[in-house]
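# Got a predicted structure plus its sequence, pasted below:
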Amino acid sequence: MKKTLLAATCAILAAGLAVTGCNKDKKAAPEAKKMVLRYAENQAQDYPTTQAAYKFAEMVEQKTNGRIHIDVYHGGQLGDEKSVIEQLQFGAIDFTRVSISPLSEFEKSLNVLQLPYLYKDAAQMWRVLDGEIGENFLKSVSSANLVGLSWFDAGARNFYNSKKPVTKLEDLKGLKIRVQESQMMMGMVAALGASATPMAYGEVYSGLQTGVIDGAENNWPSYDSVSHYEVAKYYVLDEHTRVPEMQMVSKITWDKISPEDQAIIKECALESAKIERELWAAKEGASEAKVKEAGSVITELEPGEKEKFQAAMAPLYTQFGAGYEELISQIQSK
């Protein structure tokens, strides 16, 4: 009996050792590796686009259960818009938000969306961008190894000057207007009868102050944030361009992400775009109130006058819209 019990005990111990040995040799399943990605933003931390970028990163991390973490680098820490686009092309940076102005150098069809007086108002622009046309433009950057995700608002650009209120087209005649170094923008100002003066953005304040230029053009927040209202108090709501901005991801990065997480990122991009538009509207309102209180003279064009500005753009549509006539017609009919 003792011998039988001893044998049984030894067998149990041996089996236990065998199981322990197997467990020891068996490797634990590796945990899913967390992706840490970089988002480049050239605006300040409190700017609407930057705040929307932070919200985008937060939503992506939450909805992927921490599988994807996005670090947002604001204030141009990773370079200016053009260099950031180039870095996205070879995967050195993963996400960004850029104006379509520099982006159009990589995808020429985007110039269509920058044509002066293309839209009647903001509502028309969003009908275009939130529809099939806008989605096709998001896809168009794939030729540059990029993936368009969503559209951000950047408001409407308007003229302002230090000389007089602009109430009609003829009032622009002879004014020296600062523009970006863009053939389209220079052509626009010339077609309106003013003198186009390319100048670095950082030199505009002193240029207005000293009379090297008479005016410039930009949106409400920019007119406010760089204090141009102090030296050019006449602001006319002509809304000559509405240049949207695109939130996008490197194609190299995109191809490393699972289809499930790609869908989450796209959803978060669209949601962050809604947030950015709300933040932008609030920023515009605050800037408008601030410059009015400071003494800026705001002029709205009389009915029918804006159409005269638009009619003057015919040569630009011929030059920069060549080959896109049908698309331009579709946009203007929305």
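Looks like it came in fine. Note that the coordinates shown come from a computational prediction; the quantities given were computed from them, not determined experimentally. Numbering: from 1, shown residues only.

# what's the offset of stretch 52-66 from the middle of its chain?
In this view, stretch 52-66 has its centroid 18 Å away from the chain centroid, taken as CA atoms, centre = their mean, to the nearest Å.

# tell me which residues of it are tucked away?
Of the residues in stretch 52-66, those buried by neighbour count under the rule 16 or more other CB atoms under 10 Å are 52, 53, 54, 55, 56, 57, 59, 60, 61, 63, 64. Every residue, glycine included, has its C-beta placed from N, CA and C.

# The last one against residue 267, yeah?
If I follow you right, that is residue 64. No - checked against CB atoms under 8 Å, the pair residue 64 and residue 267 is beyond contact range at 10.9 Å.

# List the residues that contact the most centrally placed residue in the chain.
For the chain, the residue nearest the mean C-alpha position is residue 245 (2.9 Å; CA atoms, centre = their mean). Contact partners of residue 245, counting by CB atoms under 8 Å, 6 or more residues apart in numbering, are 49, 97, 98, 99, 100, 151, 152, 153, 154.

# Count the residues that sit near the fifth one.
Going back to what we said before, that points to residue 100. Look at residue 100: counted by other CB atoms under 10 Å, it has 22 neighbours.

# Assumed residue 124 was part of a strand.
No - read with DSSP: H, G, I helix; E, B strand; the rest coil, residue 124 is helix and lies in no strand.

# For the residue nearest to it when sequence neighbours are not counted, which residues are in contact?
Spatially, and ignoring its direct neighbours in sequence, residue 124 is nearest to residue 334 (5.6 Å; CB to CB, 6 or more residues apart in numbering). Residue 334 makes contacts with 124, 127, 128, 131, 133, as judged by CB under 8 Å, 6+ apart.

# Any of the residues you listed buried? List them.
By 16+ other CB under 10 Å, the contacts of residue 334 give 124, 128, 133 as buried.

# Which of these sits closest to residue 220?
Among the buried ones among the contacts of residue 334, residue 124 lies closest to residue 220 (CB to CB), at 19.1 Å.

# per-residue pLDDT, residue 27?
The per-residue pLDDT reported for residue 27 equals 48.

# Okay, now the unreliable bits of the chain?
1-32 (pLDDT under 70).

# before we move on, back to that, so which of the buried residues of stretch 52-66 sit within helices?
52, 53, 54, 55, 56, 57, 59, 60, 61, 63 (DSSP state H).

# okay, the contacts of residue 245 in CSV with secondary structure next?
What follows is these, written out as CSV (three-state DSSP):
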residue, secondary structure
49, helix
97, strand
98, strand
99, strand
100, helix
151, strand
152, strand
153, coil
154, coil
